[in-house]
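Student: Just to be clear, the model below is a prediction. Sequence and coordinates:
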Amino acid sequence: MKENKFCQSCGMPMKSDPNGGGTEKDSSKTRKYCSYCYKDGEFVGGDVSLAEFQELCRQKMIESGYNRFSAWLLTRGMKRLERWKRLAI
């Protein structure tokens, strides 16, 4: 399986994930999505739109110390990630 450098949902560097990736239904690790986005084979937070998810990520980044501009800038590229590209088809 291809090992991604970035979470294909939020774009966070996978090396920054304290759990080393999300989990599938069988509890195996996935290196496609981080543990903040994917757990037990499902996306955390359920079925949300890209805009809703970007706003959630911006708020979490601001809470953890990023300034508003940096948080906005880092969420702009999410539409190119695998999770969101497949919804645009």
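Tutor: Thanks, I have it.
Student: So, low pLDDT: which residues of the chain?
Tutor: When residues are selected by pLDDT under 70, those of the chain lie in 1-2, 87-89.
Student: run the last query once more with 80
Tutor: Residues of the chain meeting the criterion pLDDT under 80: 1-3, 86-89.
Student: all strands for the protein, in order.
Tutor: Using DSSP state E, the strands of the chain run over 22-23, 29-30, 38-39, 42-43.
Student: could you dump these to JSON lines with distance to Gln59?
Tutor: To be clear about C-beta, it is placed using only N, CA and C from the backbone, and glycine gets the same treatment. Listed next are the strands of the chain as JSON lines, based on distance: least, CB to CB, whole Å:
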{"stretch": "strand 22-23", "distance to Gln59": "20"}
{"stretch": "strand 29-30", "distance to Gln59": "25"}
{"stretch": "strand 38-39", "distance to Gln59": "19"}
{"stretch": "strand 42-43", "distance to Gln59": "17"}
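Student: residue nearest the centroid of this protein?
Tutor: Averaging the C-alpha coordinates of the chain gives a centre point, and the residue nearest to it by CA atoms, centre = their mean is Cys10 (2.5 Å).
Student: any idea which of the strands of the chain is most buried?
Tutor: Using mean count of other CB atoms under 10 Å, the stretch among the strands of the chain with the greatest mean number of neighbours is strand 22-23 (a mean of 21).
Student: how far is stretch 44-61 from where the chain is centred?
Tutor: Centre-to-centre, stretch 44-61 and its host chain are 9 Å apart (CA atoms, centre = their mean, to the nearest Å).
Student: separation between the nearest residue to Tyr33 once chain neighbours are set aside and Ile62?
Tutor: Closest residue to Tyr33 apart from its sequence neighbours, by CB to CB, 6 or more residues apart in numbering: Gly22 at 4.4 Å. When distances are taken as CB to CB, to the nearest Å, Gly22 and Ile62 turn out to be 23 Å apart.
Student: Lys85 too?
Tutor: With distances taken as CB to CB, Lys85 is found 26 Å from Ile62.
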